[in-house]
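Colleague: Pasting a predicted model and its sequence here:
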Amino acid sequence: MSAEALEAQTTAGAEGLSAIRARPRQALIGFDFDGTLSPIVDDPAAARAHPGVVPALSRLAPLVGTVAVITGRPAATAVEHGGFAGLENLLVLGQYGRERWENGVLQVPEAPPGVAEVRAKLPQILQNAPEGVTIEDKGLALAVHTRRAAEPQVALDRLRSIVAALAERTGLVVEPGRFVLELRPPGMDKGGALRALVAERGASSVLFAGDDLGDLTAYDAIDALRKEGVPGVKVCSSSDEVTALAERADLVVDGPPGVVTVIEALASALA
Ligand SMILES: O=P(O)(O)OC[C@H]1O[C@H](O[C@H]2O[C@H](CO)[C@@H](O)[C@H](O)[C@H]2O)[C@H](O)[C@@H](O)[C@@H]1O
């Protein structure tokens with residue numbers, strides 16, 4: 001595997017990679033799921049990890065302190081769609097850090113009452129939404145998807161204020177993403193989840209790879225950790241749909257196949 005796959009485009013990113021290589025057993029390597037480990041598909045239920053992900057993570061996980069998937073999906077869904085069940089030294093933080101799967105044990109908190117209210121009201125509220133708009137019920141949250149509408153962006157823009165008003169009434173927040181508006185409980189995000197995991201594991205370096213707006217808080221966390229003396233690397237799984245991460249990343253790769261290349265290169269460098 002070529003070393004170029006591990007060449008950061010920023011000085012801070014290069015320092016992060018050096019720190020991971022110097023003390024891999026104290027490194028935390030985190031990944032988003034959809035759009036990063038799993039290619040984007042029209043139907044969320046049909047999403048599966050890129051075929052190279054599990055073999056690559058199987059090589060990397062024994063070499064580093066922690067490998068974590070930090071996702072907006074329910075943890076159990078990510079484990080199933082990712083094929084992660086047999087992987088050692090990999091944990092999954094689902095629903096932006098509210099759920100945790102580790103060593104086959106799943107922890108899921110109770111949903112706040114607003115979630116049940118949204119579940120009850122959303123179908124009626126969306127009855128005049130464009131054809132192809134769908135609801136994904138994730139237990140602790142509900143997502144409104146527009147990817148399968150004839151004009152996904154138009155449908156998304158049309159629904160923004162309706163979804164925001166419902167979130168306001170029910171004590172939830174709106175998490176926007178790639179042709180999706182998610183209604184979820186406030187108080188936790190990927191940045192908080194990443195920081196908490198760094199502290200829990202005593203990690204001395206961190207890498208996080210993401211593709212979507214919900215991953216920006218993890219980038220914020222890496223920026224803050226750097227200021228506190230913990231080197232970090234921000235990897236962007238790029239797409240035409242979201243450009244905000246590429247602008248802030250230390251290493252930009254071409255979607256999930258590019259992320260697999262980074263995982264393989266990291267495993268080769270640390271072996
Ligand atoms: O944090 P993530 O792992 O990136 O999860 C974010 C959302 O991903 C999923 O939606 C996205 O992927 C779908 C499958 O490829 C795609 O159809 C959809 O347009 C994308 O927005 C998932 O369905 C959501 O629940 C997650 O919040």
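Modeller: Arrived safely. Numbering: from 1, shown residues only.

Colleague: quick one: contacts for whichever residue of the stretch 51-200 of the chain sits closest to the ligand?
Modeller: Nearest residue of the stretch 51-200 of the chain to the ligand: residue 72, at 3.0 Å (C-beta to the nearest ligand atom). For the C-beta atoms, the positions are set from N, CA and C on the backbone; glycine is no exception. Residues in contact with residue 72 (C-beta atoms under 8 Å, 6 or more residues apart in numbering) are 33-34, 94-96, 138, 141, 143, 175, 177, 182, 184, 214.

Colleague: Could you verify that it is part of a strand?
Modeller: No: Residue 72: not assigned to a strand; according to DSSP: H, G, I helix; E, B strand; the rest coil it is coil.

Colleague: Phi, psi for it please.
Modeller: Phi and psi for residue 72, reported as degrees, to the nearest 10, are phi -80, psi -10.

Colleague: now it: how far from residue 18?
Modeller: From residue 72 across to residue 18, the span is 31 Å (C-beta to C-beta, to the nearest Å).

Colleague: show me what contacts the residue lying closest to residue 139 once chain neighbours are set aside?
Modeller: Distances taken as C-beta to C-beta, 6 or more residues apart in numbering place residue 74 nearest to residue 139, at 5.7 Å, with adjacent residues excluded. Neighbouring residues of residue 74 by C-beta under 8 Å, 6+ apart: 94-95, 99, 108, 138-140.

Colleague: next one: residue 235
Modeller: Taking C-beta under 8 Å, 6+ apart as the test, what residue 235 contacts is 207-210, 249-253, 259, 262.

Colleague: Out of those residues, which is nearest to residue 52?
Modeller: residue 259 (8.9 Å; C-beta to C-beta).

Colleague: CSV please, covering the contacts of residue 235 and showing pLDDT and secondary structure.
Modeller: Listed next are the contacts of residue 235 as CSV, based on pLDDT from 0 to 100; DSSP: H, G, I helix; E, B strand; the rest coil:
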residue, pLDDT, secondary structure
207, 98, strand
208, 98, strand
209, 98, strand
210, 98, strand
249, 98, coil
250, 98, coil
251, 98, strand
252, 97, strand
253, 97, strand
259, 98, helix
262, 98, helix
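
Colleague: Kindly indicate which of those lies nearest the ligand.
Modeller: Among the contacts of residue 235, and counting by C-beta to the nearest ligand atom, the member closest to the ligand is residue 210, at 7.1 Å.

Colleague: ok, the closest one - contacts?
Modeller: 31-32, 35-36, 190, 216, 218-219, 235-237, 245.

Colleague: what do you get for residue 61?
Modeller: 67, 87-90.

Colleague: Can you lay out those residues as JSON lines showing distance to residue 47, secondary structure and neighbour count?
Modeller: Shown next, in JSON lines, are these (distance: C-beta to C-beta, whole Å; DSSP: H, G, I helix; E, B strand; the rest coil; neighbours: other C-beta atoms under 10 Å):
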{"residue": "67", "distance to residue 47": "20", "secondary structure": "strand", "neighbour count": "24"}
{"residue": "87", "distance to residue 47": "18", "secondary structure": "coil", "neighbour count": "20"}
{"residue": "88", "distance to residue 47": "24", "secondary structure": "coil", "neighbour count": "10"}
{"residue": "89", "distance to residue 47": "24", "secondary structure": "coil", "neighbour count": "17"}
{"residue": "90", "distance to residue 47": "18", "secondary structure": "strand", "neighbour count": "24"}
